[in-house]
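Novice: Okay, structure incoming, though there's no sequence with it:
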């Protein structure tokens, strides 16, 4: 058997596993795995460094299937390469409820799935994040411990999505030369030919973004190997444009959109078996081919063992730090530093914008948690996400801890996912809350994957002021609270901001968003408590037995709730104030706690400079809500709060009216 | 005075109005208006066709300030050119509550503001939509009536946002040669130099996307004029890269990020006055310069009058149709066609996926409403947004009524905004509901502007099935319902789908989203009613006096609510079913109606295959909710409904448990 024959048969193993699995499920996308099988075979059997027996090896090469619909490509690879938790039964159960082999690759379902993909373009930016993490950690721990490639495979759809431009322009700017992107250039999308909707010269586009580019026949293993070797030598990220035939091998359907997202059908599969000389039944890979794959799977074991030796040979503190970082554990000094800071805050009782309180908290955090990796989407001075420790990263110097992401909220969020997935770093962003809309898909994917990324979203209400309704979040808190497994914090003052930061950093299985103000807020938490009061999501800020009125408020509106409470109490109306920094955490509390906090006041008031949605859980559908019912306006922030009736006085009047 | 002197003084009028207004407001962005004043002066005084006395002239050239933070550029232009509703007092009231001159340009605040901008990149795609609308209407009504340019001005930030790539790649593909984009190439963003985060060769990037490109000194009026003339001759869209100095004229701050988003300060303004030889006090434009602007403002009056003559000379039906289309009124035949179709549905009682019901409704609508303009983001066969009337538009033939938007949800939504703003067409999209996350910013802007765009969002729940949680909307209905002034429809069957389409088309002041299923739904509305029952947002589908139980449900879950009702009634538990096709319309109804619909049943149940958020308004915080609490899974759709307990049986059991 010539080496070409062997290659072809190994690639055909991917093709038939994929088409047979899709056929059995009667659902899925055979076209991409069949078309990209040659690229994947060359990459995984000759270049990719990984160890199926130690899939979490920190210095493994990363592979991201950005075109996630081609999931059977990845599942086939994992099975063939000998990943133990991907069996032939898993392949047979493709797309069935409870199986590892979901319709699109899902992080956590099986080893070797580096990220969840499916929504197009995301994977390119995830890979960008992984490549950034690699360079950053290499700078910190040395090439001995961190020195790997990040590969991604994308389709035409990924390149049409806007996020791709954000990712490739930043990758090119940063000269991420260990980032190699394969473009499965098959000229077909769901609707038909790419030419129905696009005529971009992708090679020229990538060149314009400072990429090295190589254009090859994606079915020629020699060209594929040569291209990867060339990419490894480049001082820029490399695009390998692989001209492929979608559904390669299927006599009638190859090269058409018919093979993109539907089973081939028994007849066409039989014809493909004949055309490719594959005489084995469904799900059977002949021993010699499986052996060849399994041998290839173990190629890098020796490299991994050598790497372990290097890690063991490192200084004890370096090794401990490296392991801690990849375990995702915070340093022991973290809690102590927060407690000390909280004591200072209790003394100082500062009146500050919470974006500034956040920066102060970060100054403490970044001093003791070296793995935080900050940034901003070109709003550094507004988001206050930089601290004395965070020098910016530049294309030629990754010693910094701060990324100027540019005006690229979407790629920032998706790259942060990649950084978190890579391990060793905890990324936090900087952006305006309103622009969370630009990156919702990536935020959702972080929540679905359950990874620790932290979004710092400042300018969180009409308090934005003069910039007006295009920049004033109104529905963003509600819409983000609706995202399952996303912790949305909206702290009321400096103390709560510190506590929310602590909770976000300690949340290993869920991403967080921290909504912060542009405008100053008075201190409402003026006493030190060792306990993190925000941890229960909502708590008695001003308790009162048998209160006539309970005011529930979040963020900047807690201060006015406190003010209203004073006035009402002065009028003999017993009033309690509950601060609600995180609804999600509250609804995770025991039912007794929830009931006690919600309480039995005859009048319940919710106050937030946003829409009511979500607050009915606290105040009931007959409760009073003081907030927004539509968009904001351009004007001075204080004038807007008056104009929209979000004031302590409005709370008092509404309560008195209801009692009358 | 040489013509260059005159130009400079006219441009300086923009500069000083802008810097003085920002200074007075103590808030705003002087840098862009000062830098782009030369480009704007040449464009508006020598090329743009418009008539300040008839600002809505359908064949006017369109201008979009994509870099919306430079709003003072636009306000200055409108005032100088003689738009009657932009006075010097409006300029003085920049960024004050209630003023027309909001922080960012807001559509509807004053004539000549063609779209609301601020979130970066949006304007480029709005302009794309306007340019598409122009070509489409030119094809339909002839160049005599429709033949104008669309100009946009963007900054570096717009070009970093991913949406820009989606827009420019599609514009290049479509060969929109009457689309001219000025890039205010000032190399500065908020954080500092563009080089902090980007090194893209923008000229090469646009060339790769099939644009004509011209690189000029953006302060040289001759070069600006020559470039525009050259652009007019191109057979492709044109990028005019204008090298400018941000804050041009300010001795100390020009060319730095200090002038981007802050007032210059009195001292620097005085120095700028000196440097540019501008000896007039704040807000004063010398008569000769104002006159020159006003004369320029009236340049195209004759052209407009001639155009009116052409319209008047057209056949009566053409003229009537043109005027109807630009008035935004639906044809008289529309309601009749819907009524006829509803009668047919009452006869047929079809069991259909609502995406298919939508296509059937569209077949009727597109037959009588020629201004509908359909499309899909590469999911035509899944969204079912094509009908027998909608041939696709191609780069060389705009006679079609369907756009293959490509995998570009964001640009699709933003371009639809541009199409609606242009007038003459009603755009509707096609996409998966989950991917509404990709285009939320544009959807929100449509809602903020109050324009008629219709989003067809199919695959609206776990009914998606095997594609799994990355493709299954869970929180999207809630998060879109949170957007003020967006009508979110979720019809239960073919009849409701027809009614929701009617409501969406009749909604001139609010965009709509129609959430539709992949899976089949039984007919729950089996009788013809002339009245559109969906118009009240929620209505008694199965009434019952003094019901023990009321089930509120939407979309695909109405069928199972009906099933549960039968079982419960059979057990002697009197049960009522309320269908909730549109929460927003319901909460616009008189309070009496709302109270009657919500009713007094001791047990209230909400059913929707999504999160609970929003349903408490119907069922109260103690109501039963049958829906999702987290993400979906990959598996057969029916199996998923069983797995997640969203079944008629689950409703019955929950009711029985509560009664026990």
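Specialist: Sure, I can see it. Everything numeric here is computed off the predicted structure, so don't read it as measured data.
Novice: domains for chain A, by residue range?
Specialist: The record's domain split for chain A, according to the TED database, is A:3-304, A:333-515, A:539-659.
Novice: Let me know which of the ones you listed is tucked in deepest.
Specialist: Comparing those by mean neighbour count (mean count of other CB atoms under 10 Å in any protein chain shown), domain A:333-515 ranks first with a mean of 24. Any C-beta I mention is one placed from the backbone N, CA and C, and that applies to glycine too.
Novice: so how far is it off the chain centroid?
Specialist: Centroid separation between domain A:333-515 and its chain, computed with CA atoms, centre = their mean, to the nearest Å, is 13 Å.
Novice: so where do the helices sit in the stretch 201-350 of chain A?
Specialist: Under the criterion DSSP state H, counting those that start in this stretch, helices of the stretch 201-350 of chain A are mapped to A:202-208, A:221-233, A:266-276, A:287-297, A:301-313, A:316-327, A:333-348.
Novice: Just send these back as CSV, with distance to residue B:349 and mean pLDDT too.
Specialist: Below are these laid out as CSV (distance: least, CB to CB, whole Å; pLDDT from 0 to 100):
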stretch, distance to residue B:349, mean pLDDT
helix A:202-208, 50, 98
helix A:221-233, 57, 98
helix A:266-276, 36, 98
helix A:287-297, 54, 98
helix A:301-313, 64, 98
helix A:316-327, 60, 98
helix A:333-348, 64, 98
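Novice: Could you point out which residue ranges in chain A have low pLDDT?
Specialist: Within chain A, no stretch has pLDDT under 70.
Novice: out of all of them, which helix in it is the longest?
Specialist: Ranked by residue count, the top helix of chain A under DSSP state H comes out as helix A:3-25.
Novice: got a list of what whichever residue of the stretch 51-200 of chain A sits closest to chain B touches?
Specialist: Of all residues in the stretch 51-200 of chain A, residue A:162 sits closest to chain B, at 2.5 Å by CB to the nearest CB. Residues near residue A:162 by CB atoms under 8 Å, 6 or more residues apart in numbering or on different chains: A:121, A:410, B:121, B:161-166, B:408, B:410-411.
Novice: ok, 10 Å please
Specialist: By CB atoms under 10 Å, 6 or more residues apart in numbering or on different chains, the contact list for residue A:162 reads A:121, A:408, A:410-411, A:438, B:121, B:125, B:161-167, B:169, B:407-411, B:438-439.
Novice: Check residue A:219 too.
Specialist: Here residue A:219 is in contact with A:8, A:11, A:35-39, A:242-245, A:248-249 (CB under 10 Å, 6+ apart).
Novice: Mind picking the two most distant members of the residues you listed?
Specialist: A:8 and A:243 (17.4 Å; CB to CB).
Novice: quick revisit: out of the helices of the stretch 201-350 of chain A, flag the one nearest chain B.
Specialist: Closest among the helices of the stretch 201-350 of chain A, using CB to the nearest CB: helix A:202-208, at 3.6 Å.
Novice: Indicate whether that closest one makes contact with chain B.
Specialist: Yes - using CB under 10 Å from any CB of the partner chain, helix A:202-208 comes into contact with chain B via A:202-208.
Novice: Excluding chain neighbours, what is closest to residue A:19?
Specialist: Spatial nearest neighbour of residue A:19, excluding adjacent residues (CB to CB, 6 or more residues apart in numbering or on different chains): residue A:30 at 4.5 Å.
Novice: dump the residue contacts of that neighbour.
Specialist: Residues in contact with residue A:30 (CB under 10 Å, 6+ apart) are A:15-16, A:18-23, A:70, A:72-73, A:246-247, A:250, A:253, A:259-264, A:268-269, A:272.
Novice: rewinding a little: dump the contacts of residue A:219 to a markdown table, plus distance to residue A:218.
Specialist: Putting the contacts of residue A:219 into a markdown table (distance: CB to CB, whole Å) gives the following:
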| residue | distance to residue A:218 |
| --- | --- |
| A:8 | 14 |
| A:11 | 11 |
| A:35 | 7 |
| A:36 | 7 |
| A:37 | 10 |
| A:38 | 6 |
| A:39 | 5 |
| A:242 | 3 |
| A:243 | 5 |
| A:244 | 4 |
| A:245 | 8 |
| A:248 | 9 |
| A:249 | 13 |
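Novice: any idea what sits nearest the residue of the stretch 51-200 of chain A closest to chain B, other than its immediate chain neighbours?
Specialist: In space, residue A:162 is closest to residue B:162, 2.5 Å off (CB to CB, 6+ apart).
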